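*Asks:* Model the following, please.
(one chain, ligands or ions: 3)
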Amino acid sequence: MIEYRNLRVAVLGGGSVGSQVTALLLEHADELAARAGAGLEVVGVAVRDLDAPRDTDIPKELLTTDAESLIVGADIVIELIGGLEPARTWILKALHSGADVITANKALLAHHGAELFEEAAQVGAQLYYEAAVAGAIPIIRPLRDSLAGDRVQRILGIVNGTTNFILDRMDVTGDSFDNALAEATRLGFAEADPTADIEGYDAAQKAALLASLAFHTRVPLDAVHREGITTVTADQVVAARKAGYVVKLLAICERVLNADGGIDGVSARVHPALVPLTHPLAAVHGGNNAVFVEAEAAGSLMFYGAGAGGLETASAVLGDVVSAARRHVIGGPGVAESTHADLPILPISRVLTRYQITLTVVDEPGVLATIAAVFSDHGVSVEAVNQTVGAVIEGVPSATLITVSHEATDESLAATVAALADNSVVREVVSVLRVEGL
Ligand SMILES: NC(=O)c1ccc[n+]([C@@H]2O[C@H](COP(=O)([O-])OP(=O)(O)OC[C@H]3O[C@@H](n4cnc5c(N)ncnc54)[C@H](O)[C@@H]3O)[C@@H](O)[C@H]2O)c1
Ligand SMILES: N[C@@H](CCO)C(=O)O
Ligand code: NA
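*Replies:* Residues are numbered from 1 along each chain as shown. Ligands and ions are numbered 1, 2, ... in the order given. Reported below is the predicted structural model:
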């Protein structure tokens, strides 16, 4: 029988993830000790209410409402209470007292990551956060370690399960937005306030974390362009499928190149987009997540799986716990946040994208030429046009035009849409969606 040194593990929060993490730490103690090279002794689970019902049976003697005492003397602190405070203060306290910290808290890292990573570097501790992005899917460690020798060019991610579930339901079963959201809430994907999901705040937090890691540049949350899915209509979802696309809420992090191929900077954005049905991300259904990474040497990589769920997310947390324990056994400082590239962060207006623009126009000779001129006046070239005959309105026939542009800056595409809306041959701009993954 091998005698392991014991490491003291404090769990903060006994909710969906915290209760599953605690159960796995207790049930798999021997296996985890063998893998980590140290025993992982759960010294306590900090909760708000000692008598609240929990998803797993946590021995009563482990529960405490005194989180601060639990933190002092712990070797590893696992923060699973969520929110900004007291999570921030408790993590700073834990790092300061020499503990490695594991968190699943994307909101906290997106708002206060700089302060927390700096504190960790100063004291030589490690701040792990695999569970904070795309739940169970390994993506933080692949970006930090496996791809550390490569250059990531672009990330296209479905990183919010709630919005993917809603859009998938609207597409596959024709369900309404509200019904699908209610179901996502029932299944436990949605945040307590689902505004964070449907308005893209949750995905923007994850995009900030992914972009920072991928480009070795600290990308603050307020630099992430954010649009949610509340403006996506059932008609757009149906029309998308007819045209060979599916609507997805994407988190896109990319290097922005200049005309000579040099790097001007990086950008991070979250918005609904049309994804071709042939793209691997189009096959990500339900509440699943997937992160599609394009790297210079590795080419395209796809990381797919459960982006939420107490047990699934606990898997990512436990992986971090074993890593932290191994570091304690080996000794030495943790790996610091890598921000050496410090690239400029550019607004969405500078990124290259494509728009699909659906217009109702008057159906008269010369209209197509007029529309084409608006595009070319803005330096935008049209890749495809599909015209269908529409209704006769006040004696004038109309037509529906679906145009897909070639790549152009978001700024020139937005200006094209504004000019089209003002043009007398255009009755209505019916839909504007970016197209990604072509
Ligand atoms: N549930 C998921 O699928 C999932 C996936 C990825 C990341 N996360 C992240 O994991 C973290 C935990 O999420 P969850 O789903 O377990 O949330 P949860 O609401 O189920 O659990 C949080 C628990 O912390 C407790 N808590 C809050 N403030 C406290 C305090 N001051 N003292 C003691 N206890 C306190 C709450 O009472 C609750 O029981 C969050 O940061 C969340 O964003 C969750
Ligand atoms: N509300 C989040 C949970 C996981 O972070 C989602 O829907 O993906
Ligand atoms: Na993850």
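*Asks:* if I pick His271, what's in contact with it?
*Replies:* 200, 225-227, 249-250, 434 (Cβ atoms under 8 Å, 6 or more residues apart in numbering). In short, each C-beta sits where N, CA and C put it, glycine included.
*Asks:* switch the cut-off to 10 Å
*Replies:* Neighbouring residues of His271 by Cβ atoms under 10 Å, 6 or more residues apart in numbering: 200, 203-204, 225-229, 231, 249-252, 348, 353, 410, 433-434, 436.
*Asks:* Stretch 4-17 - what's its average pLDDT?
*Replies:* pLDDT averaged over stretch 4-17 equals 95, rounded to a whole number.
*Asks:* element containing Val293?
*Replies:* In this structure, Val293 sits in strand 288-295 according to DSSP states H and E.
*Asks:* Just the ones of the contacts of His271 in strands?
*Replies:* Per DSSP state E, strands hold the following members of the contacts of His271: 225-226, 249-252, 353, 433-434.
*Asks:* Can you turn the buried part of those residues into a ChimeraX selection?
*Replies:* To isolate the buried subset of the ones in strands among the contacts of His271 in ChimeraX, counting by 16 or more other Cβ atoms under 10 Å, use the following:
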select :225,226,249,250,251,252,353,433,434
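*Asks:* so which of the ones in strands among the contacts of His271 would you say is closest to Ala336?
*Replies:* Compare each of the ones in strands among the contacts of His271 with Ala336 using Cβ to Cβ and the shortest gap goes to Ala251, at 24.7 Å.
*Asks:* secondary structure class for the nearest residue to Asn258 once chain neighbours are set aside?
*Replies:* The shortest distance from Asn258 to any residue other than its chain neighbours is 4.7 Å, reached at Asp264 (Cβ to Cβ, 6 or more residues apart in numbering). Following DSSP: H, G, I helix; E, B strand; the rest coil, the label given to Asp264 is strand.
*Asks:* Hmm, Asp264 is touching Leu343, no?
*Replies:* Yes. Using Cβ atoms under 10 Å as the test, Asp264 is close enough to Leu343 to be in contact (8.6 Å).
*Asks:* who touches both of those two?
*Replies:* Between them, Asp264 and Leu343 have 255-256 as joint contacts when contacts are counted by Cβ under 10 Å, 6+ apart.
*Asks:* the more surrounded of these two?
*Replies:* Residue environment comparison for Asp264 versus Leu343 gives the larger neighbour count to Leu343, 19 against 15, counting by other Cβ atoms under 10 Å.
*Asks:* Model confidence for the more buried one, exactly?
*Replies:* According to the per-residue confidence, Leu343 scores 98 in pLDDT.
*Asks:* Please apply the same query to Met1.
*Replies:* 63.
*Asks:* Up against ligand 2, what does this protein have?
*Replies:* Selection of the chain residues close to ligand 2 by Cβ under 6 Å from any ligand atom yields 135, 160-162, 189-191, 197, 202, 307-308.
*Asks:* rerun that using 8 Å as the cut-off
*Replies:* Within the chain, the residues that sit near ligand 2 (Cβ under 8 Å from any ligand atom) are 106, 132, 134-135, 159-165, 184, 189-191, 194, 196-197, 202-203, 206, 287, 289, 307-308, 313.
*Asks:* Among those, which are located in strands?
*Replies:* Asn289.
*Asks:* Give me the spatial nearest neighbour of Ala104, chain neighbours excluded.
*Replies:* Ranked by Cβ to Cβ, 6+ apart and with sequence neighbours excluded, the top spatial neighbour of Ala104 is Ala131, at 3.6 Å.
*Asks:* ok, that neighbour touching Val317?
*Replies:* Yes. At 4.9 Å, Ala131 and Val317 qualify as touching, with contact defined as Cβ under 10 Å.
*Asks:* shared neighbours, these two?
*Replies:* Shared contacts of Ala131 and Val317, defined by Cβ under 10 Å, 6+ apart, are found at 17, 21, 78, 80, 102-104.
*Asks:* For the stretch 301-438 of the chain, which residues score under the pLDDT cut-off?
*Replies:* Scanning the stretch 301-438 of the chain for pLDDT under 70 picks out nothing.
*Asks:* make it 90
*Replies:* Scanning the stretch 301-438 of the chain for pLDDT under 90 picks out the ranges 390-396, 438.
*Asks:* Could you single out the nearest of the ones in strands among the contacts of His271 to ligand 3?
*Replies:* Ligand 3 has its nearest neighbour among these in Ala251, at 13.2 Å by Cβ to the ion.
*Asks:* Would you mind measuring from the closest one to Phe177?
*Replies:* Ala251 sits 20 Å away from Phe177, taking Cβ to Cβ, to the nearest Å as the criterion.
*Asks:* that older thread, filter the residues of the chain next to ligand 2 by proximity to ligand 3?
*Replies:* With Cβ under 5 Å from the ion as the criterion, the residues of the chain next to ligand 2 include Ala134 near ligand 3.
*Asks:* Out of the residues of the chain next to ligand 2, list just those in helices.
*Replies:* 106, 161-165, 184, 196-197, 202-203, 206, 313 (DSSP state H).
*Asks:* Which member of those is positioned nearest ligand 3?
*Replies:* Proximity of these to ligand 3 (Cβ to the ion) peaks at Thr313, which lies at 8.0 Å.
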